[in-house]
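# fold the following for me, if possible:
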Amino acid sequence: MFWLVASTIVAAFMAVIMIFVRLKAAKQPASVKKIILPPIFMSTGALMFVVPEFRVTFSEFAEAIIVGIICSIFLIKTSNFEIRKNAIYLVPSKAFVFILVGLLLFRIIFKLAIGSTISLGQTSGMFYLLAFGMIVTWRLAMLIKFMKLERKMNASAKKSV
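Residues are numbered from 1 along each chain as shown. I've put the predicted structure just below:
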């Protein structure tokens, strides 16, 4: 029970940090680098699977990745860009906070459901994979949206010259 409560508090803290990071990011122009670096930095967490306690079966791997991809749909739908001052900015979404809280509640329920059937290490590994699948899918979709808008912005700049 301690680990459930502790991990939930940590997840809630991370969600609050994510909200502030997202609000701050909306005040600065977006870039390809800012979009692709978070999943690259997060990928170092895969080193957890070197330790046998964190390893998951192929079916657990697939389940976690698929659930992460499904969860990313909400983030993809609320992540949009706009052109301001000849730069591309992320549009802050009012739904983002509710989506993060919803994902946190989903995580707690999911953890309660599977926590009694698989070990703590495997549960940790599955949640890492879920989060990684979610952020990679979300950031790839953001990158595609960003590049489309960048092409549009560059095309309109060439027309005005």
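
# how about R107, what does it touch?
When contacts are counted by CB atoms under 8 Å, 6 or more residues apart in numbering, R107 is found next to 11, 127, 130. Any C-beta I mention is one placed from the backbone N, CA and C, and that applies to glycine too.

# er, M48 actually
54, 124-125, 128.

# in CSV: those residues, plus neighbour count.
Listed next are those as CSV, based on neighbours: other CB atoms under 10 Å:
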residue, neighbour count
F54, 20
S124, 18
G125, 24
Y128, 19
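
# so can I have CSV of these showing pLDDT?
Shown next, in CSV, are those (pLDDT from 0 to 100):
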residue, pLDDT
F54, 93
S124, 85
G125, 90
Y128, 91
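
# and these, which is closest to F61?
G125 (8.4 Å; CB to CB).

# just give the closest residue to that closest one, not the sequence neighbours.
F54 (4.2 Å; CB to CB, 6 or more residues apart in numbering).

# kindly report the same for A12.
L104 (6.2 Å).

# and that neighbour, what does it touch?
By CB under 8 Å, 6+ apart, the contact set of L104 is 8, 11-12, 15.

# try T123
Going by CB under 8 Å, 6+ apart, the list of residues near T123 reads 111, 114-115.

# so how far is I36 from the residue minimising distance to the centre of the chain?
A centroid search over the chain (CA atoms, centre = their mean) returns I135, at 3.1 Å, as the residue closest to the centre. In this view, I135 and I36 are 11 Å apart by CB to CB, to the nearest Å.

# just the CA atoms of stretch 64-73, as CSV, please.
The C-alpha trace of stretch 64-73 is given here as CSV (Å, rounded to 0.1, in the frame of the first residue of the first chain):
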residue,chain,number,x,y,z
ALA,A,64,1.6,-1.2,-22.3
ILE,A,65,2.7,0.3,-25.6
ILE,A,66,-0.9,0.0,-27.1
VAL,A,67,-2.5,1.6,-24.0
GLY,A,68,0.2,4.4,-24.2
ILE,A,69,-0.7,5.0,-27.9
ILE,A,70,-4.4,5.1,-27.1
CYS,A,71,-3.8,7.5,-24.2
SER,A,72,-1.7,9.8,-26.5
ILE,A,73,-4.8,10.5,-28.7
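
# fine, thanks again, bye for now.
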